[in-house]
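Chemist: predicted coordinates and the sequence they were generated for:
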There are 2 protein chains.
Amino acid sequence: MKVIDTISQFRKEIKNYEHPIALVPTMGALHEGHLALVKEARKTAKTVIVSIFVNPIQFNNAVDLEKYPRTFHADSKLLTKEHCDILFYPSVDEMYPSKSELKIDFGYQNKHMEGKFRPGHFNGVGIVVAKLFNIIQPDLAFFGQKDLQQCIVIQQLVKELSFPIDIKIIETKREQSGLAMSSRNARLSEDARAVAPVLYMSLLSMAEGLKNNNFEETKAKSQELLSLTKQIKEEYIEVVEMESGKVVSKFEKGKKYGICIAAFVGNVRLIDNIIVDNE
Amino acid sequence: MKVIDTISQFRKEIKNYEHPIALVPTMGALHEGHLALVKEARKTAKTVIVSIFVNPIQFNNAVDLEKYPRTFHADSKLLTKEHCDILFYPSVDEMYPSKSELKIDFGYQNKHMEGKFRPGHFNGVGIVVAKLFNIIQPDLAFFGQKDLQQCIVIQQLVKELSFPIDIKIIETKREQSGLAMSSRNARLSEDARAVAPVLYMSLLSMAEGLKNNNFEETKAKSQELLSLTKQIKEEYIEVVEMESGKVVSKFEKGKKYGICIAAFVGNVRLIDNIIVDNE
């Protein structure tokens, strides 16, 4: 595996690799969730590129940015094992040689869920993903379902700016407890980790309840379940209709829905979701 | 010359052409100014693509959009003569199959000159240029200096989103009278056309005056010159420092400046500029 840290070197080097080229963009601190993306990319593409870049402009919280786990040495070993071809690992100065002034506004998505609770977050995601797409120029790019609204936003970016890239969404990996794998889990205290699986439980209970289409009651029950655990502070539970990407307040037959949650567990903010096919 | 009107057909076809590929994006109604871009592209690139697309989302004025001249047959003939390889000529539905929701905000540039007087204009320019860059994937793209702030905005787009494209700015073509060539000139009445060269004169007089660095006085004189002609209604005269792209109110030695004007001449809005090297 080649490790490349400048854009110009990457552009030179990539000419020697075969298409289709797959990109797996990450912020490092790799876990099985990331590796599932790399494995899937490896199955589909001739060349697999993983990027590791902790993108400062998508953090709306300076502490979250500072505490974001950085484990380059371990990451690099894992990627070698997965037969990644190139690890693109640029510095902040390489990606942002001057202050970023251009902003991308995703409209509706900016006003709901992550867009609402993390002002500026999706602008940062949009900018860095557009940059990576233009630097790497992949044929396919792999993203984790765990960041469901991010997937929606990236599909919007690709569609509205006509990027010639096929976006693949890969299912969330979970620990035995049901807790969604996340780099931020490393920051959970032992107590917080013990209660964190309640997030997933509340999603399952909501999916169950929604089949009876009693929306408000079901949501209230899930929120109650969360509030039983003092260490958990819910930010939102929302249901998204998958085709439109819009937040809804009822279930219709024949549609797919994403049930999404964001909550602080101790002092760590986690998100999770499940997709339900309402056949 | 091949004429292609769908994105999917273009993506198939372009594989048969050699790099470097140059793009000249236009809104049609071609004149010598456009042809100068095509000639320059022809000198530099193996493959020359011209796009013709009257982009509705960059018009803040419905009448301006409706009255924008459309002369496909003549354009196509001219481009054949200039040895253009592919004319990309998509419909509005092809470029915007659904309502465009994503917005690009260029920050500073949105608040000055065209950005200020044409709300939403640079968002429309940014979206369509990003789309064309992602569809055509050129190595070089040619733009006319006549739309100076547009050039600044596109250079910002390329830099901030890391498009691997070399932007070339080509000098403005003028009629004998000094009037900058523009597709909108076709809409000038005879009377309006007779006075329109005053725009260029006021730029020249401003350049002359500014060398003495009496900024406010020089600007006032140019504005007075314009106001002598009843048919001309100035929107702005501004001086832009070329390296930063910022509007300034004084001249410094050793810097390059763009002197920019926008005015209604009769009922047609025209813009023009000259670049001055203050050695």
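Modeler: Alright, I've got the coordinates. Numbering: from 1, shown residues only, chains lettered A, B, ... in the order given.
Chemist: which positions in chain A make contact with chain B?
Modeler: Where proximity means CB under 8 Å from any CB of the partner chain, the interface of chain A facing chain B comprises A:7, A:11, A:100-108, A:127, A:130-131, A:134-135, A:137, A:156-157, A:160-164. For the C-beta atoms, the positions are set from N, CA and C on the backbone; glycine is no exception.
Chemist: quick check on those: which are buried?
Modeler: Listed as buried from these are A:7, A:100, A:102-106, A:127, A:130-131, A:134-135, A:137, A:156-157, A:160-163; burial here means 16 or more other CB atoms under 10 Å in any protein chain shown.
Chemist: which SSE is immediately downstream of the helix or strand hosting residue A:22?
Modeler: Counting by DSSP states H and E, the element that carries residue A:22 is strand A:21-26. Next along the chain after strand A:21-26, taking DSSP H and E as the criterion, comes helix A:32-44.
Chemist: list the buried ones in that next one?
Modeler: Residues A:33-42 are the ones in helix A:32-44 that count as buried (16+ other CB under 10 Å).
Chemist: what is the nearest of those residues to chain B?
Modeler: residue A:41 (21.2 Å; CB to the nearest CB).
Chemist: would you map out the domains in chain A?
Modeler: As recorded under automatic domain parsing, the domains making up chain A are A:2-170, A:183-278.
Chemist: among those domains, which gets the worst mean confidence?
Modeler: Among the domains of chain A, domain A:183-278 carries the lowest mean pLDDT, at a mean of 94.
Chemist: between the two ends of that domain, how far is it?
Modeler: One end of domain A:183-278 to the other measures 31 Å (CA to CA, to the nearest Å).
Chemist: ok, stretch A:93-113 next?
Modeler: End-to-end distance (CA to CA), stretch A:93-113: 30 Å.
Chemist: for stretch A:22-41, same thing?
Modeler: 6 Å.
Chemist: got it, and stretch A:66-75?
Modeler: End-to-end for stretch A:66-75, by CA to CA: 19 Å.
Chemist: what sits up against that stretch?
Modeler: Identification of contacts with stretch A:66-75 by CB atoms under 8 Å, 6 or more residues apart in numbering or on different chains yields A:27-30, A:52, A:54, A:59, A:87, A:89, A:183-184, A:186-187.
Chemist: just send those back as a markdown table, with neighbour count too.
Modeler: Shown next, in a markdown table, are the contacts of stretch A:66-75 (neighbours: other CB atoms under 10 Å in any protein chain shown):
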| residue | neighbour count |
| --- | --- |
| A:27 | 18 |
| A:28 | 21 |
| A:29 | 21 |
| A:30 | 25 |
| A:52 | 23 |
| A:54 | 16 |
| A:59 | 18 |
| A:87 | 22 |
| A:89 | 18 |
| A:183 | 19 |
| A:184 | 17 |
| A:186 | 14 |
| A:187 | 20 |
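Chemist: wait, which of these is closest to chain B?
Modeler: Of those, the one sitting nearest to chain B (CB to the nearest CB) turns out to be residue A:89, at 15.8 Å.
Chemist: surely the closest one and residue A:51 touch.
Modeler: Yes: the criterion here is CB atoms under 8 Å, and residue A:89 meets it with residue A:51 at 7.4 Å.
Chemist: for the strand holding residue A:22, which helices and strands make contact with it?
Modeler: helix A:32-44, strand A:47-52, helix A:121-136, strand A:140-144 (3 or more CB pairs under 8 Å, 6 or more residues apart in numbering or on different chains; DSSP states H and E).
Chemist: kindly recompute the last result at 10 Å.
Modeler: helix A:32-44, strand A:47-52, helix A:72-81, strand A:86-88, helix A:121-136, strand A:140-144, strand A:166-170 (3 or more CB pairs under 10 Å, 6 or more residues apart in numbering or on different chains; DSSP states H and E).
Chemist: return the distance of it from the chain's centre.
Modeler: 13 Å (CA atoms, centre = their mean, to the nearest Å).
Chemist: adjacent strands (with direction) for that strand?
Modeler: Partners of strand A:21-26 in the sheet, by DSSP bridges, are strand A:47-52 (parallel), strand A:140-144 (parallel).
Chemist: by how many degrees do the longest one and helix A:121-136 diverge?
Modeler: Taking axes from the mean of the first three to the mean of the last three CA atoms, to 10 degrees, strand A:47-52 and helix A:121-136 form an angle of 140 degrees between their directions.
Chemist: roughly how far is strand A:47-52 from the heart of the chain?
Modeler: With CA atoms, centre = their mean as the basis, the mean position of strand A:47-52 lies at 16 Å from the chain mean.
Chemist: kindly export that strand (C-alpha atoms) in PDB.
Modeler: This file holds the C-alpha atoms of strand A:47-52, laid out as PDB (Å, rounded to 0.1, in the frame of the first residue of the first chain):
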ATOM      1  CA  THR A  47      -8.200   0.000  -7.400                       C
ATOM      2  CA  VAL A  48      -9.100   0.900  -3.800                       C
ATOM      3  CA  ILE A  49      -8.200   4.300  -2.400                       C
ATOM      4  CA  VAL A  50      -8.900   5.000   1.300                       C
ATOM      5  CA  SER A  51      -8.600   8.600   2.500                       C
ATOM      6  CA  ILE A  52      -8.000   9.500   6.100                       C
END
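Chemist: and the angle for that strand with helix A:32-44?
Modeler: Between strand A:47-52 and helix A:32-44, the angle comes out at 160 degrees (the same axes, to 10 degrees).
Chemist: just to revisit the earlier point, buried deepest among the strands paired with strand A:21-26, which one?
Modeler: strand A:47-52 (a mean of 26; mean count of other CB atoms under 10 Å in any protein chain shown).
Chemist: which SSE is immediately downstream of that one?
Modeler: Heading C-terminal from strand A:47-52 (DSSP H and E), you reach helix A:62-67.
Chemist: now do that next one: distance to the chain's middle.
Modeler: 17 Å.
Chemist: go on, stretch A:228-246?
Modeler: 15 Å.
Chemist: start to end distance for that stretch?
Modeler: With CA to CA, one end of stretch A:228-246 sits 29 Å from the other.
Chemist: buried ones in that stretch, by neighbour count?
Modeler: So stretch A:228-246, judged by 16+ other CB under 10 Å, has buried residues A:229, A:231-232, A:234-242, A:245.
Chemist: excluding sequence neighbours, find me the nearest residue to residue A:217.
Modeler: Once flanking residues are discounted, residue A:217 sits nearest to residue A:209: 7.2 Å by CB to CB, 6 or more residues apart in numbering or on different chains.
Chemist: cool, residue A:64 as well?
Modeler: Residue A:64 sits nearest to residue A:269 (CB to CB, 6+ apart), 7.1 Å away.
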